[in-house]
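**Q** Provided below for reference: sequence and predicted model.
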Amino acid sequence: MVKFYTEGVIAYVEGTTDRIIDHVGFIPAVEHYQSLQSSNQILKFAVVLMLTLILFKHSLKFVEVTFKARDFIERIVILVMRASAVFAIFVTIGIVLSLLSRH
């Protein structure tokens, strides 16, 4: 989507004179932004790769004969359900208070 906008800026300023473009600095700014986009893609790939390797190494700790996956997952599910219940209570209180404050 960003590429669409940068190409649109280039297409918009193509019909103007070079003096206006140089004064405003559209083309150099767009070219700089496009160069940042390519380095951004490389950095994102490197970060995702590093996180993947770190999390993979961390997950190897759980691969044991004594590890009980069911207990672990049940604890996670119970925590998520408790958090959802607390959130639902706060939402309900907020709705009731907003209805009472309209009078």
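**A** It's in. Residues are numbered from 1 along each chain as shown.

**Q** State the number of residues packed around Thr66.
**A** A total of 4 residues lie near Thr66 under the criterion other CB atoms under 10 Å. All C-beta spots, glycine's among them, are computed from the backbone N, C-alpha and C.

**Q** Tell me how many other residues crowd Met50.
**A** Neighbours of Met50 under the rule other CB under 10 Å: 10.

**Q** 39 is where my numbering starts, stick with that
**A** Let's use 39 as the start, then, which means that last one is Met88.

**Q** Packing partners of the one helix or strand Leu117 maps to?
**A** In the assignment (DSSP states H and E), Leu117 maps to helix 107-138. Helices and strands touching helix 107-138, as assessed by 3 or more CB pairs under 8 Å, 6 or more residues apart in numbering; DSSP states H and E, are absent.

**Q** in that helix, what counts as buried?
**A** In terms of neighbour count (16 or more other CB atoms under 10 Å), helix 107-138 has no buried residues at all.

**Q** Could you check how far that helix is from the centre of its chain?
**A** 24 Å (CA atoms, centre = their mean, to the nearest Å).

**Q** For stretch 73-83, buried residues please.
**A** So for stretch 73-83, nothing qualifies as buried (16+ other CB under 10 Å).

**Q** Quickly list the domain ranges of the protein.
**A** Split into domains by automatic domain parsing, the chain comes to 39-101, 106-141.

**Q** next SSE after the helix or strand of the chain with the lowest mean pLDDT?
**A** Within the chain, no helix or strand scores below helix 56-62, which has a mean of 58 by mean pLDDT, DSSP states H and E. Counting by DSSP H and E, the element after helix 56-62 in chain order, helix or strand, is helix 64-97.

**Q** Can I get stretch 77-84 in CSV, CA atoms only?
**A** What follows is stretch 77-84, C-alpha atoms only, in CSV (Å, rounded to 0.1, in the frame of the first residue of the first chain):
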residue,chain,number,x,y,z
SER,A,77,16.4,-2.1,4.3
ASN,A,78,13.3,-2.4,6.4
GLN,A,79,12.4,-5.7,4.8
ILE,A,80,15.9,-7.1,5.5
LEU,A,81,15.8,-6.0,9.1
LYS,A,82,12.3,-7.5,9.6
PHE,A,83,13.5,-10.8,8.2
ALA,A,84,16.5,-10.8,10.5
